[in-house]
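# Next come a sequence and a model predicted from it.
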Amino acid sequence: MLQGDVGLELGGRIAAALRTALDVSITPEEALIRPSGRAGVDYQCNVAMSLAKRIGRKPREVAEAAVEHLAADDLVASTEIAGPGFINIVLRDDWLGDRLTTLLGDPRAGVPVVDAPRRFAIDYSSPNLAKEMHVGHLRSSIIGDALLRLIEFIGHEVIPHNHVGDWGTPFGMLIEHLLDEGWTADGAQTYAIADLNSFYQQARLKFDADAGFADRARRRVVLLQGGDEQTLALWQGFVDESTRHFEEVYQLLGISLRREDLYGESFYNPMLDETVTELTAKGLTEISDGAVCVFPPGFTNREGERLPLIVRKSDGGYGYPTTDLATARYWADDRAATDLLYVVGNPQAQHFAMVFAVCRQAGWLTEKHRAEHVGFGSILGSDGKTIRTRAGGSVKLVELLNEAVERAGAVVAERTELDAEARASVAHAVGIGAVKYADLSSDREKDYVFSWDKMLAMDGNTAVYLQYANTRILSILRKAGSRPAPGTPVNPADPAERALALALLRFPSAVSAAVEGLAPHRICGHLYEIATAFSGFYERCPILATNTPEDVRQSRLVLAALTSQVLTLGLSLLGIEAPERL
Ligand code: ARG
């Protein structure tokens, strides 16, 4: 779907032409309009080949029929049939110019709002509270946040839910450790956890070395699950304390997850019994090795044996899968979400596939629901292995993000006349932007190599390249004295102007591709294309030179202003700031 896109509009004209000429009906998408890579051609239409077969005619005949009826079009300037029946299309300058004029000051940069808004429930970030958040959760937070912004922008409702791991056996040990460290059951919390990881490790060490402690921890788990009030209060204290650590990271990252978006595993705990009872009542469960299981059709191991989703362990306890069944049931049913997205690493692909399959069997997800695991790869170090600190531990997010800001500070310091305060805020925008963009600009399903030099490079597909391009444009606009007025005519006469114009007009289709594929890298790639087209334009087409005629200067200023507008909007949809100066 090329919504709001010139290509789609062109597809509509081709469809109309074919209806008149050949009495066939196709959708604008089926017109197969693609941007052309050739000089002097704007778009290529590939409809003739696919349609010819369908209606039993020669491709060239189909192409000729379409072209003949396009002649008097206000959008198409000229056409040419190439090869077996490709149609090369050049758009009219005045049409392009008018379109650009209308876009000036349009806060949506031409991106339409959907006709039928849906309700998305999106699970992202979702760290485990017993441990500090690490780079593995970085991707989920960054990708989830960008998807939320994109999907919301096109007009859907999006409800984020942070599925934190806040329940289960580790909490017995953590609570006992807190008590040892001076917390009291009446809520007098005199001890603050400075570092969640080492707190967890200390508890773990005691658990392994001290049988008395291990006993207390086990009893504490039973109390917790039994709903003992004091234990719940201690647990809540621990959850609050660790949530503060996560909020620090969200704030640094500029991610909008709030406390009210917390829907941890504990939230679904009261629904687990009912969830399993319902599965059993529907005849979907079997007992296997003492555990209650569902065997969704189509899931087998290498030996061809059916794979179980264990919904109740043989000891009577519930695990991760049951919680996710309850989660999907809750969002689809109680919260009437139509689209369930889970931004979680690739290793959990099978887990989600089985959960969704069971939910469909149970009727909790129906054909009106879409459930999708938005998987992603790992972040690798330069050695090609999962990224580690020098000491060998997993990298902590706060440290990594602080380092990003520090390094960005050094990059910015080299080329700026800003004062210290402005520099700090720019360093933040550039550093955090670099980390986010490095993540978002690669195909999420693949691994990527984390490299400071690459992500902070002033050239190439990086955040700082786009941020810098934008500040250069803003400086041109400042030098021009005033921004181009609404309604200023645009004439993209030069090929470089035209290339930039077409790239700007394709922004809506980049947005729709990104939403459709849940693929923020489609936005990155497109913004990079725009910035590159701008620099080609700027090299060839002087804007402020004294011999540039006034109307040309104004027209070019519109192109510059639109470029800044689209870059800023695009970056904001990725959750990245665009500073005014660098
Ligand atoms: N806490 C889990 C982890 O760190 C991720 C949870 C993802 N969401 C879910 N609904 N299972 O691996």
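Structure's in. What do you need?

# pLDDT weak spots in the stretch 101-250 of the chain?
Within the stretch 101-250 of the chain, the stretches with pLDDT under 70 are 187-190.

# repeat that for 80
Under the criterion pLDDT under 80, the flagged ranges of the stretch 101-250 of the chain are 136, 185-195.

# just the chain next, same as before
1-4, 71-73, 136, 185-195, 388-396, 414-417.

# Quick check: residues of it near the ligand?
123, 126-128, 163, 165, 324, 327, 342, 344 (C-beta under 6 Å from any ligand atom). (Glycine included, C-beta is placed from N, CA and C.)

# any idea how this protein splits into domains?
With domains defined by automatic domain parsing, the chain comprises 6-91, 170-255, 397-573.

# Just the helices from the stretch 101-250 of the chain, written as ranges.
Assigned by DSSP state H, counting those that start in this stretch, the helices in the stretch 101-250 of the chain fall at 135-153, 170-180, 196-209, 211-225, 229-253.

# what's the closest of the ones you listed to residue 443?
helix 135-153 (11.2 Å; C-beta to C-beta).

# okay, the angle between the closest one and helix 229-253?
For helix 135-153 against helix 229-253, the angle between stretch directions is 70 degrees (axes from the mean of the first three to the mean of the last three C-alpha atoms, to 10 degrees).

# what separates helix 135-153 from the chain centre, distance-wise?
Put simply, helix 135-153 sits 4 Å off its chain's centre (C-alpha atoms, centre = their mean, to the nearest Å).

# Same check on stretch 568-581?
Relative to its chain's centre, stretch 568-581 lies at 15 Å (C-alpha atoms, centre = their mean).

# Over to that stretch now: how far is its first residue from its last?
Stretch 568-581 has its terminal residues 13 Å apart, counting by C-alpha to C-alpha, to the nearest Å.

# Buried residues, it. List them.
Residues of stretch 568-581 classed as buried by neighbour count (16 or more other C-beta atoms under 10 Å): 568-571, 573-579.

# I'd like to know which of those are part of helices.
Taking DSSP state H, the ones among the buried residues of stretch 568-581 that sit in helices are 568-571, 573.

# what about the nearest residue to residue 206 once chain neighbours are set aside, neighbour count?
Sequence neighbours aside, residue 213 is the residue nearest to residue 206 in space, at 4.7 Å (criterion: C-beta to C-beta, 6 or more residues apart in numbering). A total of 18 residues lie near residue 213 under the criterion other C-beta atoms under 10 Å.

# and the gap between residue 213 and the ligand?
For residue 213, the distance to the ligand equals 25 Å [C-beta to the nearest ligand atom, to the nearest Å].

# do the same with residue 359
According to C-beta to the nearest ligand atom, residue 359 and the ligand sit 12 Å apart.

# cool, residue 271 as well?
14 Å.

# and what of residue 257?
13 Å.

# Hmm, that residue is touching residue 162, no?
Yes: the pair residue 257 / residue 162 is scored as a contact, 5.4 Å apart, by C-beta atoms under 8 Å.

# what's the nearest residue to residue 536 if we skip its chain neighbours?
For residue 536, ignoring the flanking residues on the chain, the nearest one in space by C-beta to C-beta, 6+ apart is residue 496 at 4.9 Å.

# let me fix that: residue 74
residue 95 (6.0 Å).

# so the one you found is in which element?
When elements are assigned from DSSP states H and E, residue 95 belongs to helix 93-103.

# Regarding stretch 220-235, how distant is the last residue from the first?
End-to-end distance (C-alpha to C-alpha), stretch 220-235: 10 Å.

# Please point out which parts of stretch 485-503 sit buried.
Going by neighbour count (16+ other C-beta under 10 Å), the buried part of stretch 485-503 is 488, 490-492, 496-503.

# In helices, which of these fall?
Per DSSP H, the subset of the buried residues of stretch 485-503 in helices is 496-503.

# just these now: which is nearest residue 454?
Of all those, residue 454 sits closest to residue 503, with 23.9 Å by C-beta to C-beta.

# Please name the residues that touch that closest one.
For residue 503, the contact set (C-beta atoms under 8 Å, 6 or more residues apart in numbering) comprises 526, 529-530, 533.

# Repeat that for residue 352.
324, 342, 344, 371, 373.

# Report the buried residues of the helix or strand hosting it.
Taking DSSP H and E as the criterion, residue 352 maps to helix 349-362. By neighbour count on 16+ other C-beta under 10 Å, the buried set for helix 349-362 is 351-352, 354-362.

# Fine by me, thanks again.
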